[in-house]
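Asker: return atomic coordinates for the entry below.
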Amino acid sequence: MFESLTDKLQSVFEGLSTKGKLTENDVNAALREVRLALLEADVNYKVVKSFVGRVKERAIGVEVMDSLTPAQQVVKIVNDELIELLGKAAPLNTSGQPPQVIMLVGLQGSGKTTTAGKLALRLKKSGQRPLLVAADIYRPAAIQQLQVVGQQIDVPVHSEGTDVAASTIAKNALRLAREKAYNVVILDTAGRLQIDDGMMRELEQVRMIARPADVLLVVDAMTGQEAVRVAEGFNVRVPLTGLIMTKIDGDARGGAALSIREVTGVPIKYLGTSEKMEGIEPFYPDRLANRILGMGDVLSLIERAQESITEEDAAAMEEKLMGGSFDFEDFLDQLKQIKKLGPLSELLGMIPGMGKMTKELEPGMAEDNLKSVEAIISSMTVKERRNPQLLNASRRRRIAAGSGTTVQEVNQLMKQFRDMQKMMKQMGIMGGGKGKKRRRGRTGSNMMNMFGGQ
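Answerer: Alright, predicted model coming up:
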């Protein structure tokens, strides 16, 4: 989402890094470019003015002008101010007597129903017992969609059709939650415009009966500054405790994410990162600031991996790698695990220093290489995957024809795979507890090179 903004800011900072000591004119020129970059990213004008003013006040101070690394100090100041702009991490309000109620509100089409399922799955994985509630009485399709989502993630859904008032549905859902010991109730309310007085009164009634611990506005990042106006309108009628921004994996310019907390005072709690049920993550201002400035986001990458890969699977795979018994069957399993984490170009961008490398690749090249590798391995027989030494010239020709690739590509994959096996076997022989982290890092780097076509 922030790709264009990141490119522009990095260009500004690279220009500063070519200078030795910075003058006030250098700082002013750089901040003019930062201001333009933020405005082009659709950040609210007042927010841009305030942000640049704070950065300038600090950047022309002694801490920068007398520094041995003034350009780096400016980057640090911009990073600090971005974090300040984005606010603090705000978890769900889980204190209080169960059942805790989470009420989702927003415009129609903002992604509330899918987000309700994502939240329920996340809470379920953390040991909670969530109950989804279909409180959208105006769209039978929304009720059906929530039921499908509930079946998909194995979470119960309470619905009473479209002929019962939303406030009554909420009241009955709370009674059911107490009877069945569900400790979190997620209300999926109908989409409405913040200027629709009748619909907003209905929300107020639901809120009065349900007494939610959290009222979360689901906003579409693609709507830009309109998302800020929507948040302001809802916050007046139904005081919000947090925001969930969806579709941040799209091509939105990102200005809403940088403006909405400053303008409304309401914290962002979650980001919708993909259409998959696992595609939601807590909002951490420092991590997003790092992404915007091209510094990567290793912690989020690790958390995604931990959610998708169990410790037992990781230990078993490491043992195979260290013992040199890692084969193409295992490699195919790893490819499938990596695909669960999100688009490869996005994952590479979360690794410090690799974001720039992904921009040098042609669009979709990393994903295309991954698909080619998967196609080649899938064209092997099970016996060939488990015994790569069987892959003679005639078998490789057959595999190339079956995977829609060339013999040269098959040979390249074989060479890279053997090199990785050899390296990991050598690391295993070296042993030593301190080496484990280094080995894992090198393995990841080697696999990323294979995907990137390096």
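
Asker: got the contact list for Glu24?
Answerer: Ile60 (C-beta atoms under 8 Å, 6 or more residues apart in numbering). From N, CA and C alone the C-beta is placed, and that goes for glycine too.

Asker: and Glu84, by the same measure?
Answerer: Shown in contact with Glu84 (C-beta under 8 Å, 6+ apart): Arg54.

Asker: now do 10 Å
Answerer: Glu84 is in contact with Phe51, Arg54, Glu262, Pro285, Ala289, counting by C-beta atoms under 10 Å, 6 or more residues apart in numbering.

Asker: who wins on neighbours among those?
Answerer: Within those, Phe51 tops the neighbour count with 24 neighbours, counted by other C-beta atoms under 10 Å.

Asker: quick one on the thing from earlier: the contacts of Glu84 in helices, which ones?
Answerer: Phe51, Arg54, Glu262, Pro285, Ala289 (DSSP state H).

Asker: these two touch, right, the first one and Leu258?
Answerer: This means Phe51. Yes - with contact defined as C-beta atoms under 10 Å, Phe51 and Leu258 form a contacting pair (8.3 Å).

Asker: now do the shared contacts for these two.
Answerer: Among the neighbours of Phe51, those also in contact with Leu258 (C-beta under 10 Å, 6+ apart) are Leu38, Val43, Asn44, Leu82, Leu85.

Asker: element containing the fourth one?
Answerer: Assigned by DSSP states H and E, Leu82 belongs to helix 70-86.

Asker: try the first one
Answerer: When elements are assigned from DSSP H and E, Leu38 belongs to helix 24-40.

Asker: just want the angle from that helix to helix 70-86.
Answerer: Helix 24-40 runs at 40 degrees relative to helix 70-86, counting by axes from the mean of the first three to the mean of the last three C-alpha atoms, to 10 degrees.

Asker: let's have the contacts of Glu84 in a markdown table, adding pLDDT and distance to Arg178.
Answerer: Below are the contacts of Glu84 laid out as a markdown table (pLDDT from 0 to 100; distance: C-beta to C-beta, whole Å):
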| residue | pLDDT | distance to Arg178 |
| --- | --- | --- |
| Phe51 | 89 | 47 |
| Arg54 | 88 | 48 |
| Glu262 | 83 | 39 |
| Pro285 | 85 | 36 |
| Ala289 | 81 | 42 |
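
Asker: now these in TSV, with distance to Ile209?
Answerer: Supplementary listing: these in TSV, determined by distance: C-beta to C-beta, whole Å:
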residue	distance to Ile209
Phe51	41
Arg54	43
Glu262	33
Pro285	34
Ala289	39
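
Asker: can you tell me which of those is nearest Lys124?
Answerer: Each of the contacts of Glu84 was checked against Lys124 using C-beta to C-beta; the closest is Pro285, at 26.4 Å.

Asker: residues touching that closest one, list them.
Answerer: So Pro285 contacts Leu82, Ile83, Glu84, Leu85, Leu86, Gly87, Lys88, Ala89, Ala90, Arg261, Pro267, Ile268 (C-beta under 10 Å, 6+ apart).

Asker: quick one: the last one and Leu86, what's the gap?
Answerer: In this structure, Ile268 and Leu86 are 7 Å apart, going by C-beta to C-beta, to the nearest Å.

Asker: now for the two: what residues contact both?
Answerer: Common contact partners of Ile268 and Leu86 (C-beta under 10 Å, 6+ apart): Ala257, Ile260, Arg261, Phe283, Tyr284, Pro285, Leu288.

Asker: among the residues you listed, which one has the lowest pLDDT?
Answerer: Checking pLDDT across the shared contacts of Ile268 and Leu86, the minimum falls on Ala257 at 76.

Asker: tell me if I'm right that it and Lys247 touch.
Answerer: No - using C-beta under 10 Å, Ala257 makes no contact with Lys247, being 11.0 Å away.

Asker: which of the two has more neighbours?
Answerer: With neighbours defined as other C-beta under 10 Å, Ala257 and Lys247 compare such that Ala257 has more, 27 against 20.

Asker: what strand or helix carries that one?
Answerer: Assigned by DSSP H and E, Ala257 falls within helix 255-264.

Asker: how big is the angle separating that helix from helix 24-40?
Answerer: Using the same axes, to 10 degrees: helix 255-264 against helix 24-40 is 100 degrees.

Asker: strands of the stretch 51-200 of the chain, residue ranges please.
Answerer: 100-105, 130-135, 157-158, 184-189 (DSSP state E, counting those that start in this stretch).
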